[in-house]
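1. sequence first, then the predicted structure:
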Amino acid sequence: MTEIMQSSTASIPAIPRPPTPAQRAGERGAKVMDEAAAKKTKATSSRAIDVDGAQLLSDVRAFFARFVAFPTQACLDTVTLWAAHAHMVQHFHTTPRLAALSPEPESGKTRVLEILDLLTPSPMLIFSPSVAAIFRKLAQEQMTLLFDEVDTVFTSRGKDDHNEDLRALLNAGYRRGASIPRCVGAKHEVQDFKVFAAVALAGIGDLPDTIMTRSIVIRMRRRASHEQVEQYRVRLHESEGHELCDRLAQWAASAGAAAGIAWPVLPDGVVDRRAEAWEPLIAVADAAGGIWPERARAAAVADVAAYRERAVTLGIRLLADLRRVFGDRDAVSTDEILKTLNAMDESPWGDLKGKPMDSRGLAMRLKKFGVTSKNIRASGEVLKGYRRDELHDVWQRYLPSHPIASATSATSVSDAVVEVIV
């Protein structure tokens with residue numbers, strides 16, 4: 001009988017206990033929270049899609065204009081686009097360095113960084129950079145690096161490991177996927193530090209050439225008496241800046257991926273390294289629409305014009321002036337070249353470190369371009385000089401299609417007949 005009862009009891013299915021009032025309340029609360037979270041996610045997604053990118057960029061531009069007197073409207077547009085691109089930087093293959101430079105202090109450079117500190121994602125405003133600390137911070141999260149007083153790092157008093165590490169970080173971090181190997185720990189194990197990041201710099205004078213070529217340069221200047229700006233105070237304006245930052249992040253969440261894979265049409269002349277620098281900003285402008293595609297391309301053209309002017313080094317200036325000296329002649333003697341170059345008003349050749357350029361200095365500068373002096377016959381004499389056929393290829397490679405302006409024309413060149421001696 002016992003066995004039968006046990007068998008019967010075993011076959012009866014277990015009846016679940018009804019939930020207690022506390023459990024029912026918990027389930028209702030969880031359901032309400034899930035529904036609220038779903039509604040919030042849907043609302044956030046809807047707002048991101050509905051963001052008016054053109055109006056947002058105009059609002060950011062107006063915020064900058066309240067506190068900074070930029071030298072041109074193109075510079076103001078550039079800084080606005082750069083701030084927006086910082087929120088999408090992970091989608092781009094390159095990120096241009098933004099360099100706010102001026103000849104003297106108190107020109108608004110630091111103010112630009114302070115505004116960017118409010119508008120960009122995970123900003124790190126740095127006055128005395130510790131490169132090792134920056135490496136480790138970038139390994140942890142995507143950051144926006146804001147370097148102030150960077151001119152104090154790159155000085156003419158020589159190089160040190162700290163400067164070279166910072167230069168490497170700024171140069172390599174321009175391109176996505178870049179990393180720098182360093183030995184760490186007691187065992188000096190090699191670790192690759194990812195250094196791709198949006199970077200803005202402020203300083204006096206110019207930066208090293210390798211950084212300048214990766215930068216969009218804003219030439220800041222002191223405000224004139226008629227240029228009035230609003231007084232900036234962090235505690236008064238940071239909430240407004242953070243609100244704009246949140247809107248930029250919201251827009252980037254919906255528009256960033258498409259901007260990153262876009263191939264924007266660039267204006268004529270925006271090529272090579274300038275194209276790499278401007279593609280992300282023009283892609284941002286195209287994603288925003290409205291007046292911004294036109295503004296971005298106008299700013300790019302202005303930047304390229306300024307870049308070409310900066311690119312006129314002494315070597316390029318020498319080639320341009322030599323082309324004027326030669327005119328349509330096949331060869332010119334060294335003495336005549338030096339006499340003409342050193343006589344040019346406001347030219348550097350008559351005063352290179354306190355002395356006029358001589359034949360040795362001319363030869364050294366031209367040797368870098370693969371050009372050497374030859375024997376030529378001028379007015380019945382055999383003299384040292386330079387031939388047009390050697391300079392022609394160099395002129396084609398290094399000089400723009402339009403002539404570089406010289407202080408004066410080479411009107412003092414004589415019309416002596418010159419014969420090339422092969």
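-> Perfect, thanks for sending it.
2. tell me the helices and strands packed up against the one helix or strand residue 116 maps to.
-> In the assignment (DSSP states H and E), residue 116 maps to helix 109-119. Judged by 3 or more CB pairs under 8 Å, 6 or more residues apart in numbering; DSSP states H and E, helix 109-119 is in contact with helix 53-67, helix 73-86, strand 97-102, strand 123-126, strand 144-147, strand 198-204, helix 234-261. For every residue, glycine as well, the C-beta is placed using N, CA and C.
3. can you add mean neighbour count and mean pLDDT and give these back as a markdown table?
-> Formatted as a markdown table, those follow (neighbours: other CB atoms under 10 Å; pLDDT from 0 to 100):
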| stretch | mean neighbour count | mean pLDDT |
| --- | --- | --- |
| helix 53-67 | 18 | 98 |
| helix 73-86 | 25 | 98 |
| strand 97-102 | 24 | 96 |
| strand 123-126 | 18 | 91 |
| strand 144-147 | 24 | 95 |
| strand 198-204 | 25 | 95 |
| helix 234-261 | 17 | 96 |
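4. what would the ones you listed look like in CSV with distance to residue 301?
-> Formatted as CSV, those follow (distance: least, CB to CB, whole Å):
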stretch, distance to residue 301
helix 53-67, 19
helix 73-86, 9
strand 97-102, 18
strand 123-126, 29
strand 144-147, 26
strand 198-204, 22
helix 234-261, 21
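5. closest to residue 304 out of those?
-> helix 73-86 (11.2 Å; CB to CB).
6. how far off helix 234-261 does the closest one point, in degrees?
-> 80 degrees (axes from the mean of the first three to the mean of the last three CA atoms, to 10 degrees).
7. helix 73-86 to strand 97-102, inter-axis angle?
-> Computed by the same axes, to 10 degrees, the angle between helix 73-86 and strand 97-102 is 140 degrees.
8. got the angle for helix 73-86 vs helix 109-119?
-> 40 degrees.
9. now what about helix 73-86, what contacts it?
-> 56-57, 60-61, 64-65, 68, 70, 92, 95-96, 98, 112, 116, 119-121, 144, 198, 200, 216, 218-219, 248, 251-252, 280-281, 284-285, 288, 292, 295-296, 298-299, 302-303 (CB atoms under 8 Å, 6 or more residues apart in numbering).
10. do that again at 7 Å, thanks
-> The contact list for helix 73-86 (CB atoms under 7 Å, 6 or more residues apart in numbering) reads 57, 60-61, 64-65, 70, 98, 112, 116, 119-121, 144, 198, 216, 218, 248, 280-281, 284-285, 295-296, 298-299, 302.
11. residue 394 and residue 372, how far apart?
-> 12 Å (CB to CB, to the nearest Å).
12. quick one, which of the two is more surrounded?
-> residue 394 (18 against 11; other CB atoms under 10 Å).
13. you'd agree the more buried one is up against residue 371?
-> Yes: counting by CB atoms under 7 Å, residue 394 does reach residue 371; the two are 6.1 Å apart.
14. what are the structural domain limits within this protein?
-> 53-310, 315-420 (automatic domain parsing).
15. quick one: low-confidence residue ranges for the stretch 101-250 of the chain.
-> 129, 155-162 (pLDDT under 70).
16. let's go with 80 and repeat that
-> Scanning the stretch 101-250 of the chain with the threshold set as pLDDT under 80 gives 127-132, 139, 154-163, 180-192.
17. my read is residue 191 is in a helix, agree?
-> No: going by DSSP: H, G, I helix; E, B strand; the rest coil, the assignment for residue 191 is strand, not a helix.
18. confirm that residue 377 lies within a strand, as I assumed.
-> Yes: assigned with three-state DSSP, residue 377 falls within a strand.
19. number of nearby residues for residue 152?
-> Residue 152, neighbours per other CB under 10 Å, totals 11.
20. typo on my end, residue 150
-> 24.
21. contacting residues around it?
-> The contact partners of residue 150, by CB under 7 Å, 6+ apart, come to 201-203, 207.
22. how close does it sit to residue 64?
-> The value you get for residue 150 to residue 64, if CB to CB is used, is 20 Å.
23. cool, residue 186 as well?
-> 47 Å.
24. can you give me the strands in the stretch 251-400 of the chain?
-> 331-333, 374-378, 381-387 (DSSP state E, counting those that start in this stretch).
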